[in-house]
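In: need a structure here:
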Amino acid sequence: MKMSKVIIAGASSSSGKTTIACGLLSALRKRGFQVSAYKTGPDYIDPQYLRRAGNCEAYNLDTWLMNENLTRKLFTMTSAGKDFAIIEGAMGLYDGGINSTAGIAKLLKAPVILVINAKSLGESAAAIALGFREFDHEINIAGVILNCIGSSSHEKIIAEALERVNIKFLGALRRSKELAIPERHLGLLPELENESFDFEALTSEIERNIDVDEIIRISQNASMLETSEEFFIPEFTHAAKIAVAHDKAFSFYYPESLEMLKLFGAQLIFFSPLHDKNLPEAEIYIFGGGFPEIFARELSENVSMLESVRNCDKKIYAECGGFMYLCRSLDNFKLAGLIPCDAVMSNKPVIGYIEARALTSNILCERNKIIRGHEFHYSRVDGGNFTPAFEFVRKRTGEKYYGGYSHGKILASYLHINFFGNPELAENFLTSS
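Out: The predicted model follows:
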């Protein structure tokens, strides 16, 4: 498969990858190109910005959640027919172990543009770029973009240093409060809460200061990607209607995960626990992750929706923020009460890849099934006197612990999964009683 593609990677977190990737997507679109957008690793928020900038769906590439073959297949399926694929990395280029941005670059044979936050750096920025290039010669670092430059002289010093070590300088963005995307916890503020962000101004800055023509050339010269894997085709379809909670409080969904449900024949509709008065008619309900703690008061004041959820006798699957919503309360704000425990916020994040072993059969899987997923939350649940749904094992440390709730037609936990990497879970989810 010949595909024009490039990865926008960072020397570290908060380098400005999302800003640069969004600006490039928008600039390419402005030139009349059809683009596809991707984010490496487990991330729900950055793809929201990529989606808006590119006016296209933004998919996650994660070899832990969907293995290498499915990750490559997702990329080839969704980039087919597009002019350019822009892939935003996660953290620093080499961070993340088996699912690092560097690993995705090798898997997709994609050239890398390194973004360096040059605030408080001079020629050392070139030394950083040189170290990244020499660290792994299988990675094609095709150029560098500087972010948070203070002046023209600042830019010139680093550009000349990059030239001395034979690393292509592709441009620089100045420090700008207007173009900075606000952060929350360890990531960005969700795009749904940042609707005033000026994508047009960002596009203008990219076109004025970044060598977009050279980036186009780099992406067009990317290596051919060989792909022969057959994709999973369901042997049956099940026309279930699934209602998915989606608003400012619940927006964490992988598009390819929802599309896997549709591949099995499911019809998806969306509703808002914040604003709608009742659950829509459906056979299955999904409450995804998000930031219910930011909207706890509004959620608790929507009494008719809470009552509708409380009286629901259909299948309900909830992840993280959805798990919190189904509890009795969240920081003393009364919520749905389907799960006999209380969600409490803390200052310490729980984050990372995990394996979950089902302790009993549930609406997703049979007992003892091992599921790969991830977690990222600042809350805990207190006061529950019930058998947990899963035994969790942290991939990085091997630590074991228990959590989640499974009873009847309800399954809820802090576990985030991707149905694209687990088609058998999607099948069981739609057909289990």
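
In: from here on, just use CA atoms for contacts and neighbour counts.
Out: Noted.

In: helices along the protein, start to end?
Out: Secondary structure of the chain (DSSP state H): helices at 17-30, 46-54, 63-79, 101-108, 124-135, 152-164, 199-209, 212-220, 255-263, 296-301, 303-310, 321-326, 423-431.

In: most packed of those?
Out: Scoring the helices of the chain by mean neighbour count under mean count of other C-alpha atoms under 10 Å gives helix 321-326 as the most buried, with a mean of 28.

In: helices and strands around that helix, which ones?
Out: Counting by 3 or more C-alpha pairs under 8 Å, 6 or more residues apart in numbering; DSSP states H and E, the packing neighbours recorded for helix 321-326 are strand 284-287, strand 289-290, strand 339-358, strand 410-413.

In: need the ones you listed in a markdown table (columns: distance to Pro273, mean pLDDT and mean neighbour count).
Out: Formatted as a markdown table, those follow (distance: least, C-alpha to C-alpha, whole Å; pLDDT from 0 to 100; neighbours: other C-alpha atoms under 10 Å):
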| stretch | distance to Pro273 | mean pLDDT | mean neighbour count |
| --- | --- | --- | --- |
| strand 284-287 | 9 | 98 | 23 |
| strand 289-290 | 12 | 96 | 26 |
| strand 339-358 | 17 | 94 | 18 |
| strand 410-413 | 17 | 98 | 22 |
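
In: surely Glu256 touches Leu61?
Out: No. With contact defined as C-alpha atoms under 8 Å, Glu256 and Leu61 do not form a contacting pair (10.0 Å).

In: so what touches stretch 165-175?
Out: Taking contacts as C-alpha atoms under 8 Å, 6 or more residues apart in numbering, the residues outside stretch 165-175 that touch it are 126, 129-130, 142-151, 155, 159, 162-163, 205-206, 209-211, 214-215.

In: repeat the analysis, applying 6 Å as the threshold.
Out: Contact with stretch 165-175 is made by Gly143, Val144, Ile145, Leu146, Asn147, Cys148, Ile149, Gly150, Asn209, Ile210, Asp211, as judged by C-alpha atoms under 6 Å, 6 or more residues apart in numbering.

In: likewise for stretch 193-207?
Out: Gly23, Ala27.

In: do that again at 8 Å, thanks
Out: When contacts are defined by C-alpha under 8 Å, 6+ apart, stretch 193-207 is touched by residues 19-20, 23-24, 26-27, 53, 173, 178-179, 181, 212, 248.

In: out of the helices and strands packed on helix 321-326, which gets nearest to Asn385?
Out: Comparison of these against Asn385 by C-alpha to C-alpha identifies strand 339-358 as nearest, at 7.5 Å.

In: strand partners of the closest one, parallel vs antiparallel please.
Out: Applying DSSP bridges to the sheet, strand 339-358 is found paired with strand 327-330 (parallel), strand 370-382 (antiparallel), strand 388-394 (antiparallel).

In: next, the buried residues of the second one.
Out: In other words, strand 370-382. Counting neighbours by 16 or more other C-alpha atoms under 10 Å, one finds that the buried residues in strand 370-382 are Ile370, Ile371, Arg372, Gly373, His374, Glu375, Phe376, His377, Ser379, Arg380, Val381.

In: report the angle between it and helix 423-431.
Out: Relative orientation of strand 370-382 versus helix 423-431 (axes from the mean of the first three to the mean of the last three C-alpha atoms, to 10 degrees): 60 degrees.

In: which residues touch strand 370-382?
Out: The contact list for strand 370-382 (C-alpha under 8 Å, 6+ apart) reads 42, 64-65, 320, 324, 341-358, 414-418.

In: that strand: how far from the chain's middle?
Out: 15 Å (C-alpha atoms, centre = their mean, to the nearest Å).

In: residues near Gly150, how many?
Out: 16 (other C-alpha atoms under 10 Å).

In: before we move on, back to that, in CSV, list the strands paired with strand 339-358 along with mean pLDDT and distance to Phe295.
Out: What follows is the strands paired with strand 339-358, written out as CSV (pLDDT from 0 to 100; distance: least, C-alpha to C-alpha, whole Å):
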stretch, mean pLDDT, distance to Phe295
strand 327-330, 96, 10
strand 370-382, 95, 14
strand 388-394, 97, 27
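
In: columns distance to Pro190 on top of the helices and strands packed on helix 321-326, output as TSV?
Out: Below are the helices and strands packed on helix 321-326 laid out as TSV (distance: least, C-alpha to C-alpha, whole Å):
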stretch	distance to Pro190
strand 284-287	17
strand 289-290	9
strand 339-358	18
strand 410-413	22
